[in-house]
Structures are given as structure tokens and as C-alpha cells.
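# Output the structure for:
(chains A and B)
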Protein chains: 2
Amino acid sequence: MDEGQPVKYGYMVINEGKIEGIYEEEVKEEAGEVIDAKGKLIIPGFVNTHGHTGSTLLRGAGDDLPLNTWLKEVMWPMEQRFTKETTKAATSLAIGEMLKSGTTTFLDMYHLHMDQTAELILESGMNGVLCRGMIGLCSKEEQAEKLKESVELYKTWHNSGDGKIKVMLAPHAPYTCPPDFMEMIIEKAHEHGIALHTHLSETRKEVEEHIGTYGKHPAEHLSELGFFEGHALIAHGVHLSDVELSLLARKGTYISHNPKSNLKLGSGVADVKKMKEKNIRVCLGTDSSASNNTLDMFEEMRFASLIHKGVNEDPTAVSARDILFMAAQNGGKALQYEKKGRLKKGYDADFSIVEPGGMHTLPDPEERIVSHLVYAHKGSDVTDVFANGKQLVKNKELLTMDEEKIRFNAREALAKLRR
Amino acid sequence: MDEGQPVKYGYMVINEGKIEGIYEEEVKEEAGEVIDAKGKLIIPGFVNTHGHTGSTLLRGAGDDLPLNTWLKEVMWPMEQRFTKETTKAATSLAIGEMLKSGTTTFLDMYHLHMDQTAELILESGMNGVLCRGMIGLCSKEEQAEKLKESVELYKTWHNSGDGKIKVMLAPHAPYTCPPDFMEMIIEKAHEHGIALHTHLSETRKEVEEHIGTYGKHPAEHLSELGFFEGHALIAHGVHLSDVELSLLARKGTYISHNPKSNLKLGSGVADVKKMKEKNIRVCLGTDSSASNNTLDMFEEMRFASLIHKGVNEDPTAVSARDILFMAAQNGGKALQYEKKGRLKKGYDADFSIVEPGGMHTLPDPEERIVSHLVYAHKGSDVTDVFANGKQLVKNKELLTMDEEKIRFNAREALAKLRR
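Numbers count the residues shown, from 1 in each chain, chains lettered A, B, ... in the order given. Presented below is the predicted three-dimensional model:
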């Protein structure tokens, strides 16, 4: 894995949304605006590679229930009543939470009002990947309609907003998309050069059922259908066989590791130690706040850094630098942004300013900064956030969104759902 | 397990450090001071049942190393240079961090300057249990000296500060205290009615070595020596056999579950699901910030609530209410405070005020408050903290300690150590 960002004192010059340079000596050129971050940390914006912002209002609804009861009795009945207004309130809240905790890019897999989501992303100034999640348990006509909608989404939005927005094709999962539908989607992806994203091997049950039905493991099956031939990102990968892991390594597929959601839903613990040994491209995602219950990449880093040490009884299983690399640079690549996740000349100016010196991050000598970022800092230590050179959070306040309105709309939208 | 605190709207009256009553209707009696917490949450102060505040300056020193390398090359060489000033800086920082994240009571196992720690606890207004950790890998004379010092500590400090301070006898662990020394300590504990605390079965290696040397599991061995006959609290319990768990259940022993430290050091995952099934008294602890790396009970609750669901592949393994009960009420009992960890008439007025309405805790309907406390809130959402009726944190600022001085002394003490 990459050795992460160097830690140094210096000056960063931003021009037209890019990092023009990082210098040890003060830069004498005239600047439009000078941000004084003396004594603070500047870190790359996090890239949250898997989530469902439309579910944000279901945060804390039906925790601690068996998965089936949770889905059938809590999630689905609520989701059926979602309006365009509900998803707007939910997505705005999610964007607000992500921004305030230092995330500048995210992937959103959802099935409702994705055009609205695109507009919200542009308004907020973040970067976002739209995935119209397709469940294929329906008629051929409906399948075709969903796929058409997904391709339209790509044609309308991919690389819009000066490249801020990207679109991927997203069959929901092998257990909800029969092989012939999956094949249709893959064909369309290859025809247009669209990247693919899907849930894969999240639970033991779905894998066993897949083997029972098709006589093969889900990733092997997807591979036969050509899923991994183009750019592909899979979410979870908790129950992948050794053969499947080697396959994904060979194909250069990205895996979005979502440790908190996997734990909370009782799905299990992905074998990230082995993924690392096989040089698989791992990045991090929060999943939705209905199964997490936060969208804070500091929390995701903390879980990803600690559980693999514990479960493998090996404190060297993953390092703090491995985790930072997953949370930023590798996430950027997984989402097809070639210049995100690093503070380096020529990269997009997506970064956060983090306040050290909280009781929980002291003492703070220079060589412990990476450790503190992964093992001690909280999302609430982020004071300022920039994406593509534009300031989106200033002294913990959102600049491009109205926080009071987000708060009000979130409560109001939930209240309306329940009336 | 207990069903936790009821969630309600109302008024709490505090008198002479105790909760005099909780009422739904406004109280008309004249009050010395009225705290308006409208729209906020009032929760019991957390009880952190295992830690080593003297190690706080080693936060982030030598993460990701194998345990032996970490101890031999990082921890021990640094600790050997600790002065009274170093431990004062370290303990003050730990107290500040705990207070600001809503902890009002903690246990401290350490071997240096425990009288100073007692004084710092009293100055801060917190509640604390002093454990002079005894390592018995030394001469008989030194063993006797350590035990004498521990008993003196008990005689001097137990129940001082109107009961704020308690003292327990603390042999470090079965692998550092030979059976005859352990027996001497247990005898002294029973003679004076002193409670016992020790590290137990933290790593697989220590358990295997114990079985190799003595032909029995460590908890069985301690039981033969009488360890569990009085009030006893063990830390970790990661590698306890089924027979040992049943034994601890029968004896009514408390287990301080330290999930983050156990993960970070690669020790493993304690079987809390089974502990719960056996009705074992489980409470939570952070261990030291050298192996955690925070002393934030919200983080500890989050890990404790999620890892057992994931590792057992069972989302019902532990509930949010189970975790709150462990973090407060059961912790209080484990540390021999009979009236802590609940908001109830007659209980000590140890509580925190928590701000809801952050992006990460919305929407926040009444029935999701317990969920949000465990799965979404952060230590940074705590705005005010009271212990024994006295306000110690106000609007996120420490009232009884000088934060700037803590910050300065922490950095300065570390710099001195390295000169």
C-alpha cells in the first residue's frame, strides 16, 4: 500500500480548483485569499465509496432487530411512502453530515429522484457519484425501464459540473438481479464505457443461497458474466472465498469496505488483512445511516483500523497509513476521480482543516499526527472543508447549505411520513 | 439486563449532591440555581471501569507494532523516565478528556504517585477508584512493600472526599503475580474487606502459558486462591473458557469489557454475547490512551455495541439498552458505588447534558434517543457535566481544571521526557 501523505509544515497554493503547489517557504505571489491554518492540520478530503443518502431519515429506526424483520417491518414500509421531498430532506442531511466531518466526495446508490440528488450535489459543491440502484426482481419490461433510466442518468450527468459528478451502472446485487438481467447491464456498461457498482457477498446467507441456486460463488459468477472486465467497484465483500479474492486482485476490482454497517447488521467482518496481502484495492464506505448510524469517515477509519487487528489477533494487520490511504486516495481512484485524495501538485483542491489540541489528541508531536488522525480524532475536529478549491465549511458552519433548513426539513419530512 | 433509563420530558431536582426527585410537572419550590436544558438530553455520567491515566502521554506512541516490541521498545523505556510531574500531566489530561466526554467516575490502575492521583481527582470533582497496580516479578521484600503501600493507600483514601474516592487492591495479572504473592494479596483483601481488581485472560498467549505452567486456566486458578470470594472486578476476560465464564457468573464477579484496547493490541474479542447469556455482570472500560487511543465512553459504547453483532453474525447479540446499562449503572456497581449510573431519586447527581440536533443525530424523534446515544452521538456532543451535584463542565469548558495549563503541561512533559 501507499505510504500516505508526508507530514510537513508549509504553504499550499490553490488555483482554479487545483493544488498548484506545496512549498516549505512562504510564497510571495499575490493571492486572492489567504487562509491561515497555523497550528492546524490539512488533510485530504475523504472519499466515501458506498452509501444510500435517501435512507438518512431512517437513522436509528429499528436497530438491534434481525435483518429480515428490520427490512420487512421497518425499512420497506417507510421507504414505500417516500416522496421527492422526503429524499431531498434525507440527501441534504447526509451531505451536511458528510461535509461537516471532512468528506468531499461520495457515492450514492439509490433508486429515487437521482436527478434531484445530482442537483443537490452541485448546489453543495461536493463531488458525487450517482448510481441508480437496480433491483431486477420484476418484469422484463420494468428491468429494461430501470436500465434505460440508468443509462439516461449517465448521459445526462456523467462528468457534469466540471467533472464533479460521475455516474456508474448499479445492479443492486447478484441476489436481486438474475443472471440474464445482470448480463444486460454489463453489456450496456461495456457498450458505453460505464463503470459498474454492486453489493457483493455481504451476508453468509446470500452466498450460500447463490451457491445453492447456481452452483457457483457470486463473484465467480459475476466474473463469468464479464462484470470485472471494465472499471468495477463492489461493496462489502464480507464473505468472499480465497479464489474470489484472488480473482478480484487479478481484475483490479475495487472493494468498498463498510465495517460499521457490516458489524451492525450482523453480516460479519470482511477479511481486509487477506485483501491487503493480495494487493486488492480496498477503499472505505459508510453505507447508509440506517445501518451505521453515522456518515463520519473518522468513525469508519477507526473501525477499519481496529477490528482487523482484533479479529486476526495481530496488531500489525493494518496500519494507520493503510487506513488513510483507503479513506482518501484509493477511494478517489475507486470512484474514477484520478486526482483526488492526495495533497499534491496537480491534484484537486479537496481538503479539510482539522483542529489538533483537543484533550483527546494530546500530546501531539509531529510524528504522531497520522496516528491521531486514525485512532483519536473525531469528525467534530474538522473546522473547515474545501472541494475543488471552494470553501464549503467554515469554522464548523456549512457555507453552501442552510443548516437550520436541513434540520427543520429532516424533522418535518419524518413527521409527515408518520402522519 | 436492565431496561435502562426511561426517556421522558421533565424536571430533575438536585439537593446536596443527590437527585431529590424527577418530576413531569414543573417544580415550584425555590431553587438555588436553575439549569435550563430544554431540548437537550440528560444522561447518567459514564463509569469508566478500567484504565491507566499515567500512560496518557504515550497516546499514539508506537501503534501498529507487535505487542512485545511495543512494550519493550516504546512503553517501558518511556515509562522508566516518568517523574511525578510526568504522571501529573498525564493524569490531568486523562481527567480532562474523560470529563469533557461525559465520564464522571473512573478506575485508575497505576503504580506511581497514587496519592497525587487522589488529590487530582478531588480537585477535579470527579469520582475515582485508586488501584496501585502490583507486579510481583521481584523479590519477596519488594512484593511485601508493594502490598503494604496498597493497603496504606486504602487506609488513607478509601471513601474519602465524601465517598468520591474508593480504593481496591490490584495485583497486575496472574502472569505477573506468582500464586503465593496473589494469595498474600487476596488474604489482605479479605482481612480488610477490600475489593480486588486485576487483568485477566487478556491475550491467548498468557492463557496458554498459564495452562502450561500451572495445568489450569487462570480464572480457575484465581478462584482456587479465593480471588472471587469478595467483591471482584476483572479487566478484559477476552480468552475465558466456558467453565470460567460460568464460574464468574456464579461468583457475581464484574468484567470490565475494553473492546477498543483489545482490538488495537490484537488481543481478540471478548465473548460478550455469551457473558450476557450467562448473566455475567459486564461493564465498560477504555483501558489507557496508549492502547485505545481515546478515553471517550461514547466510542467504547459504539465498539461494544457493534463488534459482537458482527463477530457473532447476529444483530440481536447486544442491544443499545444493554450497552447503556454497562456504561453507567453496572459500571457504578462494579466500582462499589451503590448509587451511580441512573437518573433516579436518591442516586448521586452524576449526569451529563448532551446536545441533540447535530447533523449526525437527526432526525431525532423521542423513541430513537437511546439508539442515537449508542450508535450516533459523539463525546463532543456533551456540553455540560455534573458530579455529585457540582457542575464540572459548562458549555464544553472545564470549570475545575485549567485547560490551557493541561495542554501546555502535556506537551511540555513529553518534550522533557525526550530531552
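
# For the stretch 151-300 of chain A, which residue gets nearest to chain B?
A:L263 (3.2 Å; CB to the nearest CB). Every C-beta, even on glycine, is put in place using the N, C-alpha and C of the backbone.

# tell me what the host helix or strand of that residue is packed against?
Here A:L263, judged by DSSP states H and E, is contained in helix A:259-264. Contacts defined by 3 or more CB pairs under 8 Å, 6 or more residues apart in numbering or on different chains; DSSP states H and E place helix A:259-264 against helix A:297-311, helix B:297-311.

# Please tell me how far the residue lying closest to A:G161 once chain neighbours are set aside sits from A:Y9.
Excluding its sequence neighbours, the residue lying closest to A:G161 (CB to CB, 6 or more residues apart in numbering or on different chains) is A:L122, at 4.9 Å. A:L122 is 35 Å from A:Y9, where distance means CB to CB, to the nearest Å.

# If you count surrounding residues, which of these two has more?
Neighbour totals were compared for A:L122 and A:Y9, and A:L122 leads with 18 against 7 (other CB atoms under 10 Å in any protein chain shown).

# The one helix or strand that one maps to - what's its average pLDDT?
Element membership for A:L122 (DSSP H and E) is helix A:114-124. Average pLDDT, helix A:114-124: 98.

# can you give me how far that helix is from the chain middle?
Remark: helix A:114-124 is offset 16 Å from the chain centroid, using CA atoms, centre = their mean, to the nearest Å.

# Give me the buried stretch members for it, please.
A:114, A:116-122, A:124 (16 or more other CB atoms under 10 Å in any protein chain shown).

# Nearest to chain B among those residues?
Closest to chain B, out of all of the buried residues of helix A:114-124 and judged by CB to the nearest CB, is A:S124, at 12.5 Å.

# Correct me if wrong: the closest one contacts A:L392.
Yes - with contact defined as CB atoms under 8 Å, A:S124 reaches A:L392; the gap is 6.8 Å.

# so what's in contact with these two at the same time?
A:99, A:400 (CB atoms under 8 Å, 6 or more residues apart in numbering or on different chains).

# thinking again about what came up before, sheet partners, orientation included, of the following helix or strand past the helix holding A:L122?
Heading C-terminal from helix A:114-124, the first helix or strand you meet, by DSSP H and E, is strand A:127-134. Under the criterion DSSP bridges, strand A:127-134 sits next to strand A:103-110 (parallel), strand A:165-171 (parallel) in its sheet.

# CSV for those, including mean pLDDT and mean neighbour count?
CSV is the format used below for the strands paired with strand A:127-134 (pLDDT from 0 to 100; neighbours: other CB atoms under 10 Å in any protein chain shown):
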stretch, mean pLDDT, mean neighbour count
strand A:103-110, 98, 27
strand A:165-171, 98, 26
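
# hmm, back to that, which secondary structure elements does the helix or strand that the helix holding A:L263 is followed by contact?
Counting by DSSP H and E, the next helix or strand C-terminal to helix A:259-264 is helix A:272-277. Under the contact criterion of 3+ CB pairs under 8 Å, 6+ apart, helix A:272-277 touches helix A:242-251, strand A:254-257, strand A:281-284, helix A:297-311.

# Would you mind finding the most buried of those?
strand A:254-257 (a mean of 29; mean count of other CB atoms under 10 Å in any protein chain shown).

# does the lowest-mean-pLDDT helix or strand in chain A come close to chain B?
Least confident helix or strand, chain A: helix A:67-69 with a mean of 83, by mean pLDDT, DSSP states H and E. Yes - using CB under 8 Å from any CB of the partner chain, helix A:67-69 reaches chain B at A:L67.

# So what touches that helix?
With CB under 8 Å, 6+ apart as the criterion, helix A:67-69 contacts A:62, A:203, A:265-266, B:315.

# Kindly present the helices and strands packed on helix A:259-264 as TSV, with separate columns for mean pLDDT and distance to B:G32.
Compiled in TSV, the helices and strands packed on helix A:259-264 are given as follows (pLDDT from 0 to 100; distance: least, CB to CB, whole Å):
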stretch	mean pLDDT	distance to B:G32
helix A:297-311	98	40
helix B:297-311	98	29
